[in-house]
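Colleague: got a sequence here, can you model it:
(2 chains)
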Amino acid sequence: MPEEAIRAENLTYRYADLTAVDHIDFEVAEGEILGFLGPNGAGKSTTIKMLTGQLRPKEGRATLLGLDVVREPNRVQAQIGVSFEDTNLYEQMSAEANLKLFARLFGVRDFEPQPLLERVGLSGRGRDRVEGYSKGMKQRLMVARALVNRPRILFLDEPTEGLDPASAAAIRGIIDEERQRGATVFLTTHDMHEADLLSDRVAFLDAGSIVALDTPHALKQAYGKRLLRAETVASNGDLESREIVLDLPETAEALQALFRDEQVVTLHSEEATLEDIFIRITGRGLA
Amino acid sequence: MNWGVIGTLVAKDISLYFKNRFFALITVLALVGYTVMFFVMPASVNETVEIGIYAPNLPVGILDRLAGDGVNFVAAPSREALEATILGGDQPVGLVLEAGTVARLVAGQQGRIEVLFATALPEDFRDLYTTVLGELGFLLSGRPLAVEIDEQVLGPDLAGQQIPPRQRLLPMLAVFILMMETMGLASLISTEVEEGTLQALLVTPMSMRELFVGKGLTGVTLAFVQVVLLMAVTGGLARQPLLVLVALLLGAMLVTGVGFLMASVGKDLLSVMSWGVLALLVLIIPSIGILLPGVVSGWVRAIPSHYLVDTVHRVANFGAGWGDVGVNLLALLAFSAAFLWLGGAVLRRRFA
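Modeller: Alright, predicted model coming up:
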């Protein structure tokens, strides 16, 4: 049984009259990837700030690796790596200098930036000033910076937002490597497909509350519907599309009728996406 | 307290400061410019008052007899020439003595002296010259005033050793350069908040106290090194160097506290500069009182920089010792501690 890496109990934060995070409870096991999903303003970043010691909860508590974040922030922060939603690198310094600076702040001895830069695909540009980097390169460097201390828990806040497909794929690859290393990953993202690919479990956050928390498969089982989408030739010769929902008593008869009465051109099975499920649960999309 | 982490922060901030071309440039320009400004100011004080005079048929040697005690008469060949020298600013005052005026005065008769003043001469000085000329008339007529005047100087007699303008300017230049570096520090901190790099620092194992000590040390180091360079080049460390260095160090701490306050309200370089100029205008006032004695009154003691500039002025220009400026140093220490604490507290709220 893996140990608990993150525990949030009754965690709450308010900005004046606005309750950004509203009494949430969850746990993340060591080595698990938790996708934390929700629209803008749902409270994802505020939750990360409380978990990483940047904000003191108004109510409740958070423990990381058994350490209380408020009481022992520095011991907690020594074990974590954080990649922020907005780029916040020292742009007048080189990538190597950025990484070396944070390695020294984490007390990492004999740090060599080159292997880390190679992992994120920046090995040839390590001595260039960051201000000349593209957004994708900066985001990869942010992830590299979060890894300088080989963290046991990695917080990634929208790590692939707005990136080109190659950069996004590179970052997904790094997340996968970290999972294999045994790190726990707390991932916030808008990208439901990415969350589905990477996460062991996902939590849906809406208006500061967790409205669902389970494995993607279980959520699809519980909230989604499996169906077959068929393209057939209509009487006028045009193609038309129709859906047959699976798991219903009349499904077998509908399938028989399809093949008996129609000229089937294509046939695909489909299942609900996490986005469909989020909309079903919350009544609104992620945008 | 992890001094390794603090050293890393200080090295990083100083490196970033000089990577910012604007601050690197104004640091060099300020240091060079203020040094040049110091050296182009007069190095000595001309204590002789020059008075132009047109007096046809004046007895030989009379001007030499009248001159002395800091007054020098410069004879003009004509009334027009005298007026030209006054209008040209060569002399502030000119006297026109008609032919025979001196003889009439010596004979105890009424004489007439025309006094020509430059437009810029203050009214009080005009009255003073008129009074002196009246007394001169009594002397020439052999009827001196029946008053015996006994002159006494309280404190060191500075006659003949007045502080030259450049030395009076020195405390003001020190405040200027301290504030220049402070604006740089404030901008550096404000940029860290705005660009989010501070957020990245705050999720490392470094404590908030270490962060503030690092920022404070950066500010004090930048300000102190610059002002010490200026003082060394201009000879400001020639007298009681240790005492001047202590005063400058406390001054650097004071302006670092002011820099924290500026960083807590400034959102970008422009707003930091605006607040910086406002702070500079206040902090510069005591040094104006040194440059132009008499233009400020006792309330200047409420401005913290008074205790810095007064100490630097008295030590560097008059050779005052620890005992003479001890109270100043204590007041400066108290103000520095208060501003560092207040600036740190306000800035911490912004960090949160």
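Colleague: who in the stretch 201-350 of chain B is up against chain A?
Modeller: B:Leu201, B:Leu202, B:Val203, B:Thr204, B:Pro205, B:Met206, B:Ser207 (C-beta under 8 Å from any C-beta of the partner chain). (Glycine included, C-beta is placed from N, CA and C.)
Colleague: which residues touch the last one?
Modeller: When the contact criterion is C-beta atoms under 8 Å, 6 or more residues apart in numbering or on different chains, the partners of B:Ser207 are A:Asn74.
Colleague: quick one on the thing from earlier: out of the residues of the stretch 201-350 of chain B next to chain A, who's nearest A:Gln92?
Modeller: A:Gln92 lies nearest to B:Leu201 out of those, by C-beta to C-beta, at 15.6 Å.
Colleague: ChimeraX command to pick out the buried ones of the residues of the stretch 201-350 of chain B next to chain A?
Modeller: To isolate the buried members of those in ChimeraX, using 16 or more other C-beta atoms under 10 Å in any protein chain shown:
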select /B:201,202,203,204,205,206,207
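Colleague: show me which pair in the residues of the stretch 201-350 of chain B next to chain A is furthest apart.
Modeller: Largest separation among those by C-beta to C-beta: B:Val203 and B:Ser207, giving 12.3 Å.
Colleague: pLDDT value on the residue lying farthest from the centre of chain B, please?
Modeller: Here chain B reaches farthest from its C-alpha mean at B:Ala107, the gap being 50.7 Å by C-alpha atoms, centre = their mean. B:Ala107 carries a pLDDT value of 77.
Colleague: mind checking how far it is from B:Pro171?
Modeller: For B:Ala107, the distance to B:Pro171 equals 55 Å [C-beta to C-beta, to the nearest Å].
Colleague: so the residue nearest to the spatial centre of chain A, which of the three states?
Modeller: Residue closest to the average C-alpha location in chain A (C-alpha atoms, centre = their mean): A:Leu187, at 3.3 Å. Three-state assignment for A:Leu187 (DSSP: H, G, I helix; E, B strand; the rest coil): strand.
Colleague: same deal with A:Val265?
Modeller: strand.
Colleague: quick check: the gap between it and chain B.
Modeller: Separation of A:Val265 from chain B (C-beta to the nearest C-beta, to the nearest Å): 53 Å.
Colleague: tell me the residue of chain A that sits nearest chain B?
Modeller: As assessed by C-beta to the nearest C-beta, chain B sits closest to A:Asn88 within chain A, at 3.2 Å.
Colleague: pull out the buried residues from the one helix or strand A:Gly60 maps to.
Modeller: Taking DSSP states H and E as the criterion, A:Gly60 maps to strand A:59-64. Using 16+ other C-beta under 10 Å as the test for burial, strand A:59-64 gives A:Gly60, A:Ala62, A:Thr63, A:Leu64.
Colleague: in chain A, which spans are strands?
Modeller: A:4-15, A:18-29, A:33-37, A:59-64, A:67-68, A:80-83, A:153-157, A:184-189, A:201-206, A:209-214, A:227-233, A:239-245, A:264-270 (DSSP state E).
Colleague: can I get those in TSV including mean pLDDT and distance to B:Ile6?
Modeller: Below are the strands of chain A laid out as TSV (pLDDT from 0 to 100; distance: least, C-beta to C-beta, whole Å):
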stretch	mean pLDDT	distance to B:Ile6
strand A:4-15	95	30
strand A:18-29	94	33
strand A:33-37	94	34
strand A:59-64	96	25
strand A:67-68	96	24
strand A:80-83	95	22
strand A:153-157	95	26
strand A:184-189	93	30
strand A:201-206	93	38
strand A:209-214	93	40
strand A:227-233	88	62
strand A:239-245	87	65
strand A:264-270	87	58
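Colleague: of all the ones you listed, which one is nearest B:Val272?
Modeller: strand A:4-15 (26.0 Å).
Colleague: how about the residues of chain A by chain B?
Modeller: Listed as neighbours of chain B in chain A under the rule C-beta under 8 Å from any C-beta: A:52-55, A:74-75, A:77-78, A:80, A:82, A:84, A:86-93, A:101-102, A:104-107, A:145.
Colleague: hmm, which of those residues are the buried ones?
Modeller: In terms of neighbour count (16+ other C-beta under 10 Å), the buried residues within the residues of chain A next to chain B are A:52-55, A:77-78, A:80, A:82, A:84, A:87-91, A:93, A:101-102, A:104-107, A:145.
Colleague: how about the buried residues of strand A:59-64 in TSV, adding distance to B:Leu25?
Modeller: Shown next, in TSV, are the buried residues of strand A:59-64 (distance: C-beta to C-beta, whole Å):
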residue	distance to B:Leu25
A:Gly60	51
A:Ala62	46
A:Thr63	50
A:Leu64	45
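Colleague: burial of the nearest residue to B:Met41 once chain neighbours are set aside, as a residue count?
Modeller: Spatial nearest neighbour of B:Met41, excluding adjacent residues (C-beta to C-beta, 6 or more residues apart in numbering or on different chains): B:Arg166 at 3.6 Å. Counted by other C-beta atoms under 10 Å in any protein chain shown, the residues lying close to B:Arg166 total 18.
Colleague: isn't B:Arg166 up against B:Ala43?
Modeller: Yes - B:Arg166 is within contact range of B:Ala43, at 6.0 Å (criterion: C-beta atoms under 8 Å).
Colleague: mean confidence for the strand or helix carrying B:Trp275?
Modeller: Following DSSP H and E, one finds B:Trp275 within helix B:269-283. For helix B:269-283, mean pLDDT is 89.
Colleague: contacting residues around that helix?
Modeller: B:22, B:175-176, B:179, B:182-183, B:186-187, B:190-191, B:255, B:258, B:261-263, B:265-266, B:303-305.
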